[in-house]
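predicted model and sequence follow; I will ask about them next.
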Amino acid sequence: MGLTFSVFLMIQMTSMFAGMMKKASATVTNTGAKVWVMDPAVTNVSSAIPMPDYMLDAARSIEGVKYAVPLYSGGALVRLKDGTYQPVTVLGLDDTSLFGRPQLIEGKIEDIYAENGFVVVKDEEFMKLENPKVGTEFELNDNRGVIVGIAKVPASGLFGIPTLYTTFNRAVQYIPSMRYTISFILIEPQSAAAIPHIREEIKRLGYDVVTEEGLIDRITNWYMFHTGMGTNLVIMTTISFIVGLSISGQTFYTFVLENFERFGALKAIGAKGRELVFMIFFQAVITGLAGYGLGIGLCAGLIALAKLRVPDYASIITYGNLVLALGMVVVISAFSGYIAVRKVLKIDPYDIFRG
Amino acid sequence: MDTVAIRATGVTKWFGQGDAKTCAVKDVSFEARFHEMLYIVGPSGSGKTTLLSMISGILRPDTGTVRVEDTDVWALKENALADFRLQRIGFVFQDFHLFPTLTTVENVAIPLVLKRREWDDAIKEGMKYLEVVGLTKRAKLNPTRLSGGEQQRVAIARALASGPDLMIFDEPTASLDGDTGKKIVDFVKHDVLTDHRCIVVVTHDDRIYEYADRILHMEDGRLMDGKGSADA
C-alpha cells in the first residue's frame, strides 16, 4: 500500500509536469524545425524577441544551411461574431514554403494565401473561438479574418488559448509589431554535422542557435528553475519518496518482528544467512514491483478519467517518469529489505528454544 | 544397534556478565546411542534447553565438545554448521513454528527446498512424509486449520523430511492435551525411531516418561548422576 501510494504520488506529480512541458513546447514540436535561431535572451517560444531581417539573409548564406525561413509567433485578441474578445496565439509561416504548417483536416492549405486567410487548430481550445468552420469570419485588430482551414497538431499550447496559423507577412501586417519582426529563424541543415558550424556563425552575429531538442530542454529548464514548478516537483517527489520509504520500511520491519520466530525456526532447521537475505530481498522486490504496477495503474486510470472530464488536462506518463519512479521503488525496496535483513541476521535460533 | 550417536564431553555454558553471570550448564558429559529415545528432564531453569541447543549445533558451548557420530559439531564453520543441522538434525519445536501462509505439505517440504530440491519434487516427497504421519488428506490445508495434535504431526513430518540421524523434541507435549500428547510420543517411539536414528526429548511431562529408553535428570545445570547414565 505504501509503495502504491508513493508511486502514485510520484507518477502523478512528474506526469503533470511532463504534460505541462509538452504543452509549453507545443510550438517547437508542432513546427518540426531541426534548428532554431533566436535572441540569446529567449527562454521559451511565447517570449520571443524579434530579430532583424538581415539575420535571415545571414542565416541563408551560411555554409551547411539547406534553407532558412522566418517564423512569427505572437499573441492577439480576436473579436468574435458575438462581440466578445478571445486571446489567440498567431503563428506566421514563411510565405513561400509554409514551412512548419500543420496537418489540415478541413480546407486546403493554399487557401491560406487567399485574402485574410487563417487556419485554426482544432484542439481543446478550439471551442473558445465558438467552434469555427471553414468560412467563419472574425476580426483581428480591425482586420477581417477568415477561417480557410481546420488543422490538427500533435500538442496544444500551455496557456489555454486557441492557435491560428497564417502567412508571415499577414501576421506582421495584422499584429502591431516592433521594429524587427522575425520571432525565430528555422533552419534545415544539410546534415547534422553542419550544425556546429552554423551555431558558430550565428553566434558571431550575436544570436543563439539551438536544436529542436535543445529548445525543448531550454523551455523545460526555464519552467523548472524560474517558475517554482521545479521546486514543487522536487518537494512532492521527495514527500512521496519519504512516505513510501517510511511506510514500506516500517511494514517490512513489522513483518520481520511478526515472523521473528519463524525466521529463527528456519535458521535452526539449517537455512543459511544468505538464503534468508535472498528470501527477504525477493519479497522486497516482489512487493516493490506490485506496488509499482498498482501505483502506475492507479495514476494512469486517474489521468484517463480526468481527461474524460477535462480534455485539456495536462498530464502524460513518460518513460522518464516510469524510470524515475522505478529507481525510487528500487531504493525504497532496498532500504526496507536492508532494515529487515539486519534484524533477521541477528536472530539467534536459541531464542526459539528458550521461548 | 549401540553405536554412539551423541557424545557430549565437559559441556559448559555461562550467560551474562559480571555479577549477573550464571552457569546454565556445568561440565555435562553424556552419550546417546542410535535407536535410543533419550529424555532430558528437570525443573524449569535446570539447563535442559540450553544443553539441547548445544548438542544440536545451535548454541556454542563455552567449554567442552559435542560429537554427533563422527562430527565434532563445534569445530564446524558457520555455513557448515547450518548444513550439518539441515542434513543431520530434525527439530520439533514446542510451538511447532509452522508457516501459516503455506499449506501443510509445503511446510513439510521446507527442509527439502533448503536442500535445493526442485519444488515439485520437494512437494512429492513432502507428501510421503505426510503419509508417514497419517495426514495426506490434510496436505492442502493451512496449518492454522489443523488441531494441535495434527500440527505436531506436521512438525514431525517436517523434521523427518531432512532425513536426520538425530531428532530433537523440545517439550513435545506442552501444547497438547494428555491423550494427544501420549499418542504423539507413542507414534514417535514406534514409527519415527529407527536403527540409525537417535531421539532426544526435553520434557517435564512425567506422563510420557514411560516411552523413554533412558532419562537424564538435570538440576542447576548439572546431570544428577554426573555422568548421564541414569536409567529410566
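Structure's in. What do you need?

by proximity to chain A, which residue of chain B wins?
At 2.6 Å from chain A, B:L86 is the closest residue in chain B, using CB to the nearest CB. The way it works is simple: take the backbone N, C-alpha and C, and place the C-beta from them, glycine included.

surely that residue touches B:L114?
Yes: contact criterion CB atoms under 8 Å: B:L86 and B:L114 qualify, at 5.7 Å.

got any residues that touch both of the two?
Common contact partners of B:L86 and B:L114 (CB atoms under 8 Å, 6 or more residues apart in numbering or on different chains): A:I269, A:G270, A:A271.

what about chain B: which of these touch it?
Residues of the shared contacts of B:L86 and B:L114 in contact with chain B (CB under 8 Å from any CB of the partner chain): A:I269, A:G270, A:A271.

now the closest residue to chain B within the stretch 51-200 of chain A, nearest residue through space, not along the chain?
Relative to chain B, the nearest point of the stretch 51-200 of chain A is A:A155 (49.2 Å; CB to the nearest CB). Of all residues not flanking A:A155 in the chain, A:A26 sits nearest, at 4.0 Å (CB to CB, 6 or more residues apart in numbering or on different chains).

what is the burial count for that neighbour?
For A:A26, the neighbour count with other CB atoms under 10 Å in any protein chain shown is 23.

quick one: it from A:V153, how far?
Look at A:A26 and A:V153: by CB to CB, to the nearest Å, they are 7 Å apart.

sec struct for B:A155, please.
Applying DSSP: H, G, I helix; E, B strand; the rest coil to B:A155 yields a three-state assignment of helix.

quick check: closest non-adjacent residue to the residue of the stretch 151-300 of chain A found nearest chain B.
Going by CB to the nearest CB, chain B is nearest to A:G270 of the stretch 151-300 of chain A, at 2.6 Å. Leaving aside its chain neighbours, A:G270 sits nearest to B:L86 (2.6 Å; criterion: CB to CB, 6+ apart).

hmm, back to that, mark which of the shared contacts of B:L86 and B:L114 are buried, thanks.
Among these, those buried by neighbour count (16 or more other CB atoms under 10 Å in any protein chain shown) are A:I269, A:G270, A:A271.

which of these lies closest to A:K203?
A:A271 (66.4 Å; CB to CB).

tell me which parts of chain A are close to chain B?
Chain A comes close to chain B at residues A:261-262, A:264-273, A:275, A:349-350, A:352-355, as judged by CB under 8 Å from any CB.

write the ChimeraX selection for whichever of these are buried.
To isolate the buried ones among the residues of chain A next to chain B in ChimeraX, judged by 16+ other CB under 10 Å, type:
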select /A:261,262,264,265,266,267,268,269,270,271,272,349,350,352,353
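
for the stretch 51-200 of chain A, which segments count as helices?
With DSSP state H, counting those that start in this stretch as the criterion, the stretch 51-200 of chain A has helices at A:54-60, A:168-174, A:195-204.

and the next element down the chain from the helix or strand harbouring B:N107?
Assessed by DSSP states H and E, B:N107 sits inside helix B:104-114. Going down the chain from helix B:104-114, the next helix or strand is helix B:119-132, by DSSP H and E.

the closest residue to A:E125 other than its chain neighbours: neighbour count?
Nearest residue to A:E125, sequence neighbours excluded (CB to CB, 6+ apart): A:P162, at 4.4 Å. Using other CB under 10 Å, A:P162 has 23 other residues around it.
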